[in-house]
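Asker: I need the structure of the sequence given here:
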Amino acid sequence: MKRIIMMVLRNILFVPWGWFMLNKYAANVDRYTEGERYALLKKIDHKANVGGNITVKSYGVENIPNENGFMFYPNHQGLYDVLAILEACPTPFSVVAKKEVGNVPFLRQVFACMKAYIMDREDIRQSMQIILNVTKEVKNGRNYLIFAEGTRSKHGNHPQEFKGGSFKAAMKAKCPIVPVALIDTYKAFDTESAEPLTVQVHFLKPMHYEEYKDMKSTEIAAEVRKRVEATIQEYGGWDE
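Answerer: This next block holds a predicted model:
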């Protein structure tokens, strides 16, 4: 966790205004527009990445839909994933995160500013309600990110199975599904090293409703995972 400590300390010690504003926005989210909150998050996230010696290389930004109301589905490598995508993505989005990460310092404030949903996977009723809420919000033009693996991979850049249930909100909203391939993001917080690190974020071509409308959720999940794995292999992240 050396790196996340460096990221937080940079904002507290060297950019105290940013840390103050992050907490202010997190405590009063409804006073600010989503655009205002996202702009602040990107600025603070960039400063944090500099403090943590992390460079984020983004690819395929042109694949992000021009119209809001879409969903990102990345592979899941660890606590840093959302921060990497936040650095790379110019368009505001929110997140469905599991409750285990909802109280991690810095991430807690980031998720609050995003108005993210914190899901308790053991509470079926709450989980179903979140899916309904996300569906409604996506239909109304918000963008969301869901980790279809459910939990992070323990095998670096090798994704686990993508769960079909994670795609229910997108199917109900009939929205574009944007696969996202993350490479080396697990190295940010899962190692004790604070040496310079470069991670990759690839936004792949979206699957529009017409493409997946006749597919089962498990088939969509398998296809998205296949595209993500192919990208990881193409860009050198696939270690046998």
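
Asker: surely His202 is in a strand?
Answerer: Yes. Assessed with DSSP: H, G, I helix; E, B strand; the rest coil, His202 lies in a strand.

Asker: list the contacts for it?
Answerer: 58-60, 180-183, 231, 235 (Cβ atoms under 8 Å, 6 or more residues apart in numbering). C-beta here means a position set from N, CA and C on the backbone, and glycine is covered the same way.

Asker: would you mind measuring from it to Glu87?
Answerer: Distance, His202 to Glu87, by Cβ to Cβ, to the nearest Å: 13 Å.

Asker: next one: Ser153
Answerer: Using Cβ to Cβ, Ser153 is found at 21 Å from Glu87.

Asker: just the buried residues of the host helix or strand of Ala84, please?
Answerer: Using DSSP states H and E, Ala84 maps to helix 81-88. Under the neighbour-count criterion of 16 or more other Cβ atoms under 10 Å, helix 81-88 has 81-88 buried.

Asker: cool, and stretch 142-162?
Answerer: Across stretch 142-162, burial judged by 16+ other Cβ under 10 Å covers 142-150, 152-153, 156-157, 159-160, 162.

Asker: max pairwise distance over those: which two?
Answerer: Across these, the longest distance by Cβ to Cβ is 31.4 Å; it joins Arg142 and Gly156.

Asker: filter the contacts of His202 down to the buried ones.
Answerer: 58-60, 180-183, 231.

Asker: nearest to Tyr209 among the residues you listed?
Answerer: Comparing the buried ones among the contacts of His202 against Tyr209 with Cβ to Cβ places Val180 closest, at 18.5 Å.

Asker: quick one: residues contacting the spatially most central residue of the chain.
Answerer: Centroid-nearest residue in the chain, with Cα atoms, centre = their mean: Val82, separated by 3.5 Å. Val82 is in contact with 95, 97, 107, 110-111, 145, counting by Cβ under 8 Å, 6+ apart.

Asker: could you rerun that using 10 Å?
Answerer: Counting by Cβ atoms under 10 Å, 6 or more residues apart in numbering, Val82 touches 45, 72, 74, 76, 93, 95, 97, 101, 107, 110-111, 114, 116, 145, 147, 185.

Asker: from those residues, which ones fall inside strands?
Answerer: 72, 74, 95, 97, 145 (DSSP state E).

Asker: just among these, which is most surrounded?
Answerer: When neighbours are taken as other Cβ atoms under 10 Å, the top entry among the ones in strands among the contacts of Val82 is Pro74 (27 neighbours).

Asker: what's the closest of the ones in strands among the contacts of Val82 to Asn133?
Answerer: Of all the ones in strands among the contacts of Val82, the one with the least separation from Asn133 (Cβ to Cβ) is Val95, at 12.9 Å.

Asker: ok, and the closest non-adjacent residue to that closest one?
Answerer: Excluding its sequence neighbours, the residue lying closest to Val95 (Cβ to Cβ, 6 or more residues apart in numbering) is Ala116, at 4.2 Å.

Asker: next, Tyr212: phi, psi?
Answerer: For Tyr212, the backbone dihedrals are phi -110, psi 0 (criterion: degrees, to the nearest 10).

Asker: residue contacts, it?
Answerer: Residues near Tyr212 by Cβ under 10 Å, 6+ apart: 167, 170-171, 174, 176-177, 219-220, 223-224.

Asker: what about it, distance to Pro206?
Answerer: Per Cβ to Cβ, Tyr212 is found 10 Å from Pro206.
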